[in-house]
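J.: Pasting a predicted model and its sequence here:
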Amino acid sequence: MAPLTGVRQEPELYLFRGTEFKPERSAITVTHELLTIGRISVDIYPNDIGVDLEDVTSFGKYLGGSPSNVAVAAARHGRRTGVITRTGDDAFGKYLHRELHKFGVDDTFVAPVKEWPTAVTFCAIKPATDEFPLYFYGRFPTAPDLQIKADELDLDAIRDAGIFWSTVTGLCQEPSREAHIKAHEARDRDKLRIGQYTILDLDYRPMFWASEEEARAQVARILPHVTVAIGNDKECAVAVGEGTPDEQADRLLAAGVEIAVVKLGPEGVMAKTRTERVVSAPVPVETVNGLGAGDSFGGAFCHGLLSGWSLAEVLDYANAAGAIVASRLSCADAMPTPEEVTSLLAERGRLVPGQFATEGAAL
């Protein structure tokens, strides 16, 4: 896989108009190495570990939402990233803009929606029993980030991005569904340059769907535009049916995906192409909060693809990045640096990008 070259980002101009924060694009087109679309929220995580939510006495506030976390994770690896999403026209929306700036994520395509408040997510953190239940507030009947409209999209920015990342959750209702479909249709899989990828996070959350069948039908509309699909066994089952990880990966490949990534839980993660099968064994850590590990994996996976590493190197690196966040409390704030990831890999005797190792090699 060749690295992405010749991509640069020009400065943005941000203006306050009255009480609203409205970013404006500069006259020079911005090209993102990673552009994500979809969910954003304020994560309210307990400072009290190991107790039920009703017994928590204090909380911390963090940026959240899977596609936004992925952009943060890739930015931590030095990538130029941006998010297409919507917040409420409120204090929490201003907070999320501020956090995106802090993490170096372009918020040009983040705008307020007056009708709906910024979504908030609470969770309990009980690592001893591997329980991290999520409680979504401000998402029913809808949320600002589900109000992205097709006619608001900058299709040139979507086409030009090195990687375009979306999730299945963004397909759960209109107008977000139409926007996601239009974005993917504008990014013709057969016209992507070498080093460009279109990634679908299979991210199935049953509370947002009437049925698995409805979700599967919408995934089928997007897969013809996707080059990489990532999900665990349940998410892959919703997308392409029950089966072994290899059977699910093969079905994703048959749908035209070039890289199928199936997370294997305690057995690690597998990636499969038409010519290669790679398994990365788990990187054991003491889990504090498992909620952000998948987003850290995603951002690191994008960094590896953009770096032109082998699939085995990409997978081991992303696996380690996910493990690091699982060992920390928050999600966005916990995303690791490249030095932290390579240090953990070296410490565990694992494959470090650029160095030969047999673990994680193609099987």
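T.: Here it is on my side, so go on. Residues are numbered from 1 along each chain as shown.
J.: Run through the strands of the stretch 251-363 of the chain in chain order.
T.: Assigned by DSSP state E, counting those that start in this stretch, the strands in the stretch 251-363 of the chain fall at 259-263, 269-272, 277-280.
J.: got the ones you listed as CSV, with mean neighbour count, distance to Tyr204 and mean pLDDT columns?
T.: Backbone N, C-alpha and C define where each C-beta goes, glycine included. Formatted as CSV, these follow (neighbours: other C-beta atoms under 10 Å; distance: least, C-beta to C-beta, whole Å; pLDDT from 0 to 100):
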stretch, mean neighbour count, distance to Tyr204, mean pLDDT
strand 259-263, 26, 13, 98
strand 269-272, 23, 17, 98
strand 277-280, 21, 22, 97
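J.: can you redo those as a markdown table with distance to Ile148?
T.: Shown next, in a markdown table, are those (distance: least, C-beta to C-beta, whole Å):
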| stretch | distance to Ile148 |
| --- | --- |
| strand 259-263 | 25 |
| strand 269-272 | 29 |
| strand 277-280 | 33 |
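J.: For this protein, which residues score under the pLDDT cut-off?
T.: Counting by pLDDT under 70, the chain has low-confidence residues at 1-30, 355-363.
J.: So what pairs up with Pro112 in the strands?
T.: Beta-bridge partners for Pro112, by DSSP bridges, are Thr87.
J.: I'd like to know how many residues surround it.
T.: By other C-beta atoms under 10 Å, the residues close to Pro112 number 18.
J.: try His184
T.: His184: 22 surrounding residues under other C-beta under 10 Å.
J.: my guess is it meets Leu171, correct?
T.: No. Taking contacts as C-beta atoms under 8 Å, His184 lies outside contact range of Leu171: 10.1 Å.
J.: shared neighbours of these two, which are they?
T.: Both His184 and Leu171 are in contact with Ile222, where contact means C-beta atoms under 8 Å, 6 or more residues apart in numbering.
J.: how close does Gly294 get to Leu329?
T.: Using C-beta to C-beta, to the nearest Å, one obtains 16 Å as the distance from Gly294 to Leu329.
J.: Neighbour count for these two, which is higher?
T.: More crowded of Gly294 and Leu329, by other C-beta under 10 Å: Gly294, with 24 against 18.
J.: quick one: secondary structure of Thr57?
T.: Using DSSP: H, G, I helix; E, B strand; the rest coil, the structure places Thr57 in coil.
J.: residue contacts, it?
T.: Contact analysis of Thr57 by C-beta under 8 Å, 6+ apart lists Asn47, Asp48.
J.: which one of the strands of the stretch 251-363 of the chain lies closest to Glu152?
T.: Smallest distance to Glu152 across the strands of the stretch 251-363 of the chain (C-beta to C-beta): 29.9 Å, for strand 259-263.
J.: Quickly run through the sheet partners of that closest one, with directions.
T.: The strands beside strand 259-263 in its sheet (DSSP bridges) come out as strand 228-232 (parallel), strand 269-272 (antiparallel).
J.: Tabulate those strands in TSV, adding columns for distance to Ile37.
T.: Formatted as TSV, the strands paired with strand 259-263 follow (distance: least, C-beta to C-beta, whole Å):
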stretch	distance to Ile37
strand 228-232	15
strand 269-272	23
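J.: among the ones you listed, which is nearest His303?
T.: strand 228-232 (13.5 Å).
J.: got the contact list for the helix or strand just after that closest one?
T.: Using DSSP states H and E, the next helix or strand after strand 228-232 towards the C-terminus is helix 233-240. With C-beta under 8 Å, 6+ apart as the test, helix 233-240 has contacts from 168, 202-204, 212, 215-216, 219, 223, 229, 231, 243, 245, 248-249, 251-252, 255, 262-265.
J.: hmm, try it at 7 Å
T.: If you take C-beta atoms under 7 Å, 6 or more residues apart in numbering as the criterion, helix 233-240 is touched by 202-204, 212, 215-216, 219, 231, 245, 248, 251-252, 262.
J.: now for the helix or strand hosting Glu185, which elements pack on it?
T.: In the assignment (DSSP H and E), Glu185 maps to helix 176-186. Judged by 3 or more C-beta pairs under 7 Å, 6 or more residues apart in numbering; DSSP states H and E, the packing partners of helix 176-186 are helix 155-160, helix 212-222.
J.: repeat that for 6 Å
T.: Secondary-structure packing of helix 176-186 (3 or more C-beta pairs under 6 Å, 6 or more residues apart in numbering; DSSP states H and E): helix 155-160.
J.: and stretch 274-283, how far from the chain's centre?
T.: Relative to its parent chain, stretch 274-283 has a centroid offset of 20 Å by C-alpha atoms, centre = their mean, to the nearest Å.
J.: What of stretch 260-269?
T.: Remark: stretch 260-269 is offset 16 Å from the chain centroid, using C-alpha atoms, centre = their mean.
J.: and if you look at stretch 335-342?
T.: On C-alpha atoms, centre = their mean, the centre of stretch 335-342 falls 17 Å from the chain's centre.
J.: Can you give me the buried ones in it?
T.: Neighbour-count burial for stretch 335-342, counted by 16 or more other C-beta atoms under 10 Å, picks out Met335, Pro336, Pro338, Val341, Thr342.
J.: and if you look at stretch 171-182?
T.: Buried-residue list, stretch 171-182, by 16+ other C-beta under 10 Å: Leu171, Cys172, Ser176, Arg177, Ala179, His180, Ile181, Lys182.
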